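# Got a predicted structure here, sequence first:
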Amino acid sequence: MVETPRRQQIEDAASTLFRERGYAATSVRDIAQALNLQGGSLYAHMASKEDVLWSIVNRAADRFNTEVAPLAAATQPPSRLRAMIRAHVSVVTSAQKDASVFLDEWRFLSAERRAQIAARRDAYEALFRNAIADGIQVGVFDAVDVRITATAILSALNGIASWYRAGGPLSADEIADSYAELFLKALREPHFMTRTIT
């Protein structure tokens with residue numbers, strides 16, 4: 001059995017605590033106690049609590065990009081957007097702790113790091129904006145505000161992180177399919193998204 005590296009153990013424990021308590025309410029001592037370590041010994045593996053948050057947030061951002069970005073090259077906007085929604089939900093549900101920290105706690109990073117993550121988030125959202133815009137251009141989606149619609153889709157998908165429970169009445173795949181069908185139907189129905197958002 002391969003032992004998990006100490007740094008990863010620290011990040012995993014911190015991810016759990018940041019999600020449950022929030023970054024601000026979690027101390028280095030809390031992380032150490034979760035691992036049955038002395039608080040000071042953690043600093044042999046991390047520079048600061050923010051350094052751990054930075055690693056978790058980047059780990060989640062990398063996972064979203066790894067799963068979703070390759071799908072953005074598909075030619076047909078409806079199948080592309082469906083696949084991207086399914087992949088995003090897969091990350092939110094399979095890496096729920098990291099996803100929650102990425103979505104909710106990144107604002108506690110330093111200004112420079114926040115700017116870097118904001119740029120990554122904007123580039124990621126652009127993948128969804130492009131799929132919607134391409135669908136409008138070829139006439140398979142209704143003419144909607146692309147930026148607002150992409151934000152609405154991602155906000156709904158990200159909200160899953162706060163309530164999803166493995167073993168619940170719907171599997172992650174069923175949830176992903178339901179969300180994909182909902183948004184694709186909305187985009188195909190004239191003026192539905194405009195009426196809903198405004």
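The structure has been received and is ready for your questions. Keep in mind that what you see is a predicted model, and the values were worked out from it rather than measured. Numbering: from 1, shown residues only.
# The longest helix along the chain packs against which elements?
When the chain is parsed with DSSP state H, its longest helix is helix 111-137. The contact analysis (3 or more Cβ pairs under 8 Å, 6 or more residues apart in numbering; DSSP states H and E) places helix 111-137 against helix 49-68, helix 77-94, helix 146-163. For the C-beta atoms, the positions are set from N, CA and C on the backbone; glycine is no exception.
# out of these, which comes closest to Gly139?
Each of the helices and strands packed on helix 111-137 has some distance to Gly139 by Cβ to Cβ; the shortest is helix 77-94, at 10.0 Å.
# Pull the residues that contact the helix or strand following that closest one.
In the C-terminal direction, the helix or strand that comes right after helix 77-94 (DSSP states H and E) is helix 96-104. Outside of helix 96-104, the residues that reach it under the criterion Cβ atoms under 8 Å, 6 or more residues apart in numbering are 12, 15-16, 18-19, 22-23, 53, 56-57, 59-61, 63-64, 91-92, 158, 161-162, 164.
# Whichever of these end up buried, select them in ChimeraX.
Selecting only the buried entries of those in ChimeraX, with 16 or more other Cβ atoms under 10 Å as the criterion:
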select :12,15,16,18,19,23,53,56,57,59,60,61,63,64,91,92,158,161,164
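# pLDDT score for the nearest residue to Glu189 once chain neighbours are set aside?
Leaving out its chain neighbours, the residue that sits closest to Glu189 by Cβ to Cβ, 6 or more residues apart in numbering is Asp142, at 6.6 Å. Confidence at Asp142, expressed as pLDDT, is 93.
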